[in-house]
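Q: Quick one, structure for this:
(2 chains)
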Amino acid sequence: MSQYVCVRLVKNDDSDIALFDRDWNNTLYFFIMNADEQIYMRYGGRDQVSDDTYLNLSSLEVALRQGLELHQKYLQGELKKTERPKPSHPRDYPLLVERTIGRGACVECHLIGDYINLHKERDGTLDKMKDLYRSPDIKTIGIHLDIPKGLVVKEALGAVQEAGMRPGDRIAALNGTPVWTFGDFQYYYDKVDRRAQQVQITVERDGKPIDLTVALPKLWWLTDIGWRQSSVDPRVYFESRPLTEAEKRELGLKADGFAGQVKSVDSLAKMLGTHQLQVGDIIYGVDGVEQDEIANTPELFIKLRKTAGQTVTLSVIRDGKRQQMQLNTLRMNFRK
Amino acid sequence: MLMRKRERYFALAVAAAGLLWSAAGRAVAQEDRIFWFSDYKEALQEAKKTQKPIFLEFRCEA
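A: Below is the predicted model of the structure:
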């Protein structure tokens, strides 16, 4: 690290959040770059299970050594320059300023992400599949990394196995963009259109690049977002499992509907008076809608199609009887 | 936001690892103190002057 100029920033107030764009729910994140503000790689990232799943000193060392190699190439004119994004700062978001700088408080990383989304919600540009469901899990398509070795594959299952990925492969690019760390891969994977049906992953095997076309399964981007505490996430305080086709048929429900059976109810639901659902209830409609091109459960439909704070009417089957029931979604407010 | 315990450990470990890692490998380099800039523009100037790459850490602290 003595070969680097090390800088630690704990305040985001004047940070260029376009240049240093990332999933804002990472509390620890690194950039390896140069004095021309060309970013060589990102180091960081997480999954829904833990904030440090992919943080590892050995993989950091791999990244630092790679950073030095890239820097030498840059100094020798061998690296293509990338266009610097148009600058953007926390002060460009009035709601964020009002909540933080205006009160003499810190511009915390997660607030940047949250308030960017709040502005998008106001502008009508919020794309919940992309803006709410950030950083899709690479394990959903079967990538299990040998974490201390960075982007070396430990196990290849599911979609990537079918595409030809093997243990020992080093992931080198995603859709043609070179990647050096998990942080890089997760960052560019997060940019993939949620309606995409495939991605191209380039691996290095025995010193040679191999392009793999990976078919993305349905809902490949879906993760548990409860830990993100996002203001634009309509909180429902229940979870359901999708009904099978046979179950829907038996109940006379739409075969391609999003009917689900409640499998758990958060104790907060009763405390906050959000709904009266019970485990075992079958929810087959929300505000009269029973199917959706994306959602496969009623709660996913609510999260994608309804606004946080909105009250919705559920169509429910309980003990064989159909009834309508109200659910008051909650909007998260103040969070440290 | 409070940095979680494991992330604090990782951050401290990164700083400690810097004292132990050098171009020659993992040799101990106790005179090789790591100085952390807290000002981004100053760090850019230093990197321009020394032709070194930059290792930039973002973290949110309580």
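
Q: CA only for contacts and neighbour counts going forward, please
A: Noted.

Q: Run through the neighbouring helices and strands of the lengthiest helix in chain A.
A: In chain A, with assignment by DSSP state H, the single longest helix is helix A:57-75. With contacts taken as 3 or more C-alpha pairs under 8 Å, 6 or more residues apart in numbering or on different chains; DSSP states H and E, helix A:57-75 sits against strand A:28-33, strand A:39-43, helix B:5-20.

Q: mind listing what the second one pairs with, with the direction of each?
A: Using DSSP bridges, the neighbouring strands of strand A:39-43 in the sheet come out as strand A:28-33 (antiparallel).

Q: For the partner strand, could you pull out the residues that count as buried?
A: By neighbour count with 16 or more other C-alpha atoms under 10 Å in any protein chain shown, strand A:28-33 contains the buried residues A:Leu28, A:Tyr29, A:Phe30, A:Phe31, A:Ile32, A:Met33.

Q: between that strand and helix A:57-75, how big is the angle?
A: Interaxial angle, strand A:28-33 versus helix A:57-75 (axes from the mean of the first three to the mean of the last three C-alpha atoms, to 10 degrees): 30 degrees.

Q: Now do strand A:28-33, average pLDDT.
A: The average pLDDT within strand A:28-33 is 95.

Q: again, but for stretch A:169-179
A: Per-residue pLDDT values over stretch A:169-179 give a mean of 98.

Q: can you check stretch A:199-217 too?
A: Averaging pLDDT along stretch A:199-217 yields 98.

Q: which residues are in contact with the longest strand seen in chain B?
A: Longest strand in chain B by number of residues (criterion: DSSP state E): strand B:54-59. Strand B:54-59 is contacted by residues A:4-10, A:27-35, A:109, B:3, B:43-44, B:47 when judged by C-alpha atoms under 8 Å, 6 or more residues apart in numbering or on different chains.

Q: Now do the same for residue 3: its pLDDT.
A: In the absence of a named chain, this looks at chain A. Note on A:Gln3: pLDDT of 95.

Q: wrong one, chain B
A: At B:Met3, the model reports a pLDDT of 49.

Q: Pretty sure A:Leu19 sits against A:Pro85.
A: Yes. The criterion here is C-alpha atoms under 8 Å, and A:Leu19 meets it with A:Pro85 at 5.9 Å.

Q: who's more crowded, these two?
A: The residue with more neighbours, out of A:Leu19 and A:Pro85, is A:Leu19; 16 against 12, by other C-alpha atoms under 10 Å in any protein chain shown.

Q: hang on, B:Lys48 is in a strand, isn't it?
A: No. Applying DSSP: H, G, I helix; E, B strand; the rest coil, one finds B:Lys48 to be helix, outside a strand.

Q: Who are the contact partners of the closest residue to it other than its chain neighbours?
A: Spatial nearest neighbour of B:Lys48, chain neighbours left out: A:Ala35 (5.4 Å); criterion: C-alpha to C-alpha, 6 or more residues apart in numbering or on different chains. A:Ala35 makes contact with B:Leu44, B:Gln45, B:Ala47, B:Lys48, B:Gln51, B:Pro53, B:Ile54, according to C-alpha under 8 Å, 6+ apart.

Q: tell me which element A:Ala35 is part of?
A: Assessed by DSSP states H and E, A:Ala35 sits outside every helix and strand.

Q: which phi and psi does it have?
A: Dihedral pair for A:Ala35: phi -70, psi -20, per degrees, to the nearest 10.

Q: That one and B:Ile54, how far apart?
A: 7 Å (C-alpha to C-alpha, to the nearest Å).

Q: ditto for A:Ser58
A: To B:Ile54, A:Ser58 is 19 Å away according to C-alpha to C-alpha.

Q: close enough to count as contact, A:Asp292 and A:Phe258?
A: Yes. A:Asp292 lies in contact with A:Phe258 (C-alpha under 8 Å); the separation is 6.9 Å.
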